[in-house]
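Q: no letters, just coordinates:
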């Protein structure tokens, strides 16, 4: 029968199989590139629909939904730790650094806390300060960079002390105020 | 102070190490964080995705182990056309969700978000892997997610040469 192709098992047939295998292997090697071209031709419309649906799904979450989702992982600390955090916050707000200072110096050694760890903490505070200064929350903390530069003399006690101070002065109080009375 | 200064110092050290989120020390509840996140979403709803970025980065600074902030950061980057950053944020979302119990539908959603970006970037094997992962995690009855899986799977399969 014409048009069907070579007889199964014939040399022509085997050659055709080899050719297909070769092309297949080449195609597999180029899968990503080939798919990219094909996807760009065919996927965008569909992807657009998927994206629209997904984006809307995320953007229509209510504050209550968000609070629940955040709460699934937030405050994932023990009661004991939460109590300590509460006490620490109180100490920071009351600016009671005297007794804390000596303990911090000991702990820094025992817990292998490095100045870098606290610098990272300060970097986070800086980010919060930068966000505040962008005006969205109408907060104007004093620039933190100069404070940090004053503290990079290798004295970890000072770094701890300043970090605690900044936590209270630049993170807790402004954020608390912003959350209680958001602007805009 | 009611507590030993040494214990307080240990707590501060835990914050520095990331074992206790900064948000906890700042006295922010989940509801407080949701209010801040709502501000970012409000910006995104009116197309100001770039303005949402700093808010989302602050939320991550406050609680970097919370997957939802990475999810929205990925979304903002995606809408801004910054796909590489979006994939990194979506990956962080999946990674942090993996540490949770009962996060299946959220993991499903996270994998689908990343799968579509992989597909658009031409990383088809990664996209298919994510679709498969999404299917494994789709244990709930959410018809919307089921439809998304089917649609994305068909789109990728249909795009095969």
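A: Alright, I've got the coordinates. All figures in this text were calculated on a predicted structure; none of them were measured in a lab. Residues are numbered from 1 along each chain as shown, chains lettered A, B, ... in the order given.

Q: where does chain A have low pLDDT?
A: Where chain A drops to pLDDT under 70, the residues are A:1-52, A:72-184.

Q: residues contacting residue B:96?
A: By CB atoms under 8 Å, 6 or more residues apart in numbering or on different chains, the residues touching residue B:96 are A:73, B:65-67, B:70. All C-beta spots, glycine's among them, are computed from the backbone N, C-alpha and C.

Q: pick out whichever of these sits closest to residue B:140.
A: Comparing the contacts of residue B:96 against residue B:140 with CB to CB picks out residue B:67 as the nearest, at 17.0 Å.

Q: just give the number of residues close to the closest one.
A: Using other CB atoms under 10 Å in any protein chain shown, residue B:67 is surrounded by 25 other residues.

Q: pLDDT at the residue nearest to residue B:20 when sequence neighbours are not counted, what is it?
A: Once flanking residues are discounted, residue B:20 sits nearest to residue B:14: 4.4 Å by CB to CB, 6 or more residues apart in numbering or on different chains. For residue B:14, the model assigns a pLDDT of 73.

Q: which of the helices or strands spans residue B:14?
A: Element membership of residue B:14 [criterion: DSSP states H and E] is helix B:5-17.

Q: and the residue nearest the centre of chain B, what helix or strand is that in?
A: The centroid of chain B falls nearest to residue B:71 when counting by CA atoms, centre = their mean (2.3 Å). Under the criterion of DSSP H and E, residue B:71 resides in helix B:67-79.

Q: list the helices and strands that helix packs on?
A: If contacts are counted by 3 or more CB pairs under 8 Å, 6 or more residues apart in numbering or on different chains; DSSP states H and E, helix B:67-79 sits against helix A:31-59, helix A:63-71, helix B:30-45, helix B:49-62, helix B:83-97, helix B:104-121.

Q: so which of these is nearest residue B:155?
A: Of the helices and strands packed on helix B:67-79, nearest to residue B:155 by CB to CB is helix A:31-59, at 4.1 Å.

Q: in chain B, which residue sits closest to chain A?
A: residue B:122 (3.1 Å; CB to the nearest CB).

Q: next, give phi and psi for that residue.
A: phi 90, psi 0 (degrees, to the nearest 10).

Q: what is the burial count for the residue lying closest to residue B:69 once chain neighbours are set aside?
A: Spatial nearest neighbour of residue B:69, excluding adjacent residues (CB to CB, 6+ apart): residue B:59 at 4.3 Å. Using other CB under 10 Å, residue B:59 has 27 neighbouring residues.

Q: check whether residue B:59 really touches residue B:67, as I assumed.
A: No: with contact defined as CB atoms under 8 Å, residue B:59 does not count as touching residue B:67 (11.5 Å).

Q: follow-up on the earlier one: for the residue nearest to residue B:69, give me the pLDDT.
A: 83.

Q: which ones are touching it?
A: Residue B:59 makes contact with B:33, B:36-37, B:40, B:66, B:69 under the criterion CB under 8 Å, 6+ apart.

Q: check those residues against residue B:105 and report the nearest one.
A: residue B:66 (16.9 Å).

Q: show me where chain B dips below the pLDDT cut-off.
A: Counting by pLDDT under 70, chain B contains low-confidence ranges at B:1-13, B:16, B:25-27, B:102, B:160-161.

Q: next, count neighbours for the residue nearest to residue B:20.
A: The number of residues packed near residue B:14 is 21, by other CB under 10 Å.

Q: wait, isn't it in contact with residue B:24?
A: No: using CB under 8 Å, residue B:14 is not in contact with residue B:24, being 9.6 Å away.

Q: for the nearest residue to residue B:115 once chain neighbours are set aside, helix, strand, or coil?
A: By the measure of CB to CB, 6+ apart, the closest residue to residue B:115 outside its immediate chain neighbours is residue B:130, 3.5 Å from it. Taken by DSSP: H, G, I helix; E, B strand; the rest coil, the conformation at residue B:130 corresponds to helix.

Q: give me the number of residues near residue B:130?
A: Neighbours of residue B:130 using other CB under 10 Å come to 25.

Q: could you pull up the residues touching it?
A: B:111-112, B:114-115, B:118.

Q: and if you look at residue B:144?
A: By CB under 8 Å, 6+ apart, the contact set of residue B:144 is A:53, A:57.

Q: if we go to 10 Å?
A: Counting by CB atoms under 10 Å, 6 or more residues apart in numbering or on different chains, residue B:144 touches A:53-54, A:57, B:109.
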